[in-house]
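Asker: could you work out the structure for the sequence below:
(one chain, ligands or ions: 2)
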Amino acid sequence: RKPITLHRLREMHAAGEKIAMLTCYDATFAQLLDAAGVDVLLVGDSLGMVLQGQASTVPVSLDDMAYHVACVARGNRSAWVVGDLPYGSYHASHEQALASAVRLMQAGAHMVKLEGGGWTAPLVRFLSERGIPVCAHLGLTPQSVHALGGWRVQGRDDAAASLMRQHARELADAGAQMLVVELVPSALGRDLAAELPIPVIGIGAGAGCGGQVLVLHDMLGFTRGKLPRFVRNFMEDSAGAEAAVRRYVGDVKAGRFPDDTLHGY
Ligand code: KIV
Ligand code: NA
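Answerer: Ligands and ions are numbered 1, 2, ... in the order given. Sure thing, here's the model as predicted:
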């Protein structure tokens, strides 16, 4: 396939074609996911938990992220690559955020992702105006897990939901080209996707989003212990990892995954 560009992602969004995204941290999986038709590879700071065995994403450094973005970029051929700006790497100043984003872009990212709403809108504008595509991230923002009081569904009451919708509109107005929404009620995910001019990619945000993302190791059934209800193990009925990823892509594109009654809030 031809390389996925921002233009292509906008076309998919306009046509109502669901965007299939998975996390990816290394070259081998980048090659596999790209070949299996995943549109967007997210080099997520979830690598803190998945690869490093940390309890949260808080300990992940910019060096860690640049290393894994470079690994993924080498294995990838045609997918769109998003790199997470890690904890503390964009909070001090616009200049700090720009330097951090430049690190990830030079390591091979096509877009950077940052968490939070409100204070982040001027920052998104600053980066976007300087030619750096930005993906925003609202809902459960794991870098703030201690401030949020744990891994809880966000935007449950009307006030929290309308604040999130306001933040989302501000981020899109500021130039964000994509929005990840994590752990929110399905109705809020649907509203956000309907009212924003940019693709909304959900994780635990219901079937109404314009695309989906999961942590790779979760959907391959490699993660031990109790998983959140929004995860599905695609290895269960698949012959191997590539078949599982193909099934994920097919199910997302066809609207078969997620299912609001099984995976939603
Ligand atoms: O780091 C990550 O994997 C993420 C996704 C869960 C959206 O940010
Ligand atoms: Na992340």
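Asker: quick one, strands of this protein?
Answerer: With DSSP state E as the definition, the chain shows strands at residue ranges 19-23, 40-43, 80-84, 111-115, 134-139, 178-182, 200-203, 211-214.
Asker: around ligand 2, pick out the residues from the stretch 51-200 of the chain.
Answerer: With the criterion set to CB under 5 Å from the ion, the stretch 51-200 of the chain comes near ligand 2 through residue 84. Where C-beta positions appear, they are placed from N, C-alpha and C, glycine not excepted.
Asker: closest point of the stretch 51-200 of the chain to ligand 1, which residue?
Answerer: Nearest residue of the stretch 51-200 of the chain to ligand 1, counting by CB to the nearest ligand atom: residue 180, 4.7 Å away.
Asker: my guess is that residue contacts residue 199. True?
Answerer: No. In this structure, residue 180 is not within contact of residue 199 by CB atoms under 8 Å, at 9.6 Å.
Asker: how near is the closest residue to residue 102 other than its chain neighbours to ligand 2?
Answerer: Setting aside the residues directly before and after it, residue 102 is nearest to residue 132 in space (CB to CB, 6 or more residues apart in numbering), at 7.8 Å. For residue 132, the distance to ligand 2 equals 17 Å [CB to the ion, to the nearest Å].
Asker: tell me the spacing between residue 132 and residue 96.
Answerer: When CB to CB, to the nearest Å is applied, the distance between residue 132 and residue 96 equals 14 Å.
Asker: show me which of these two is the more surrounded one.
Answerer: Comparing residue 132 with residue 96 by other CB atoms under 10 Å, the one with more neighbours is residue 132, at 20 against 15.
Asker: does that one really touch residue 105, like I thought?
Answerer: Yes. Applying CB under 8 Å, one finds residue 132 in contact with residue 105, separated by 6.3 Å.
Asker: so for residue 171, what's the pLDDT?
Answerer: Residue 171 is assigned 99 on the pLDDT scale.
Asker: contacting residues around it?
Answerer: 117, 120, 121, 124, 136, 138, 179 (CB atoms under 8 Å, 6 or more residues apart in numbering).
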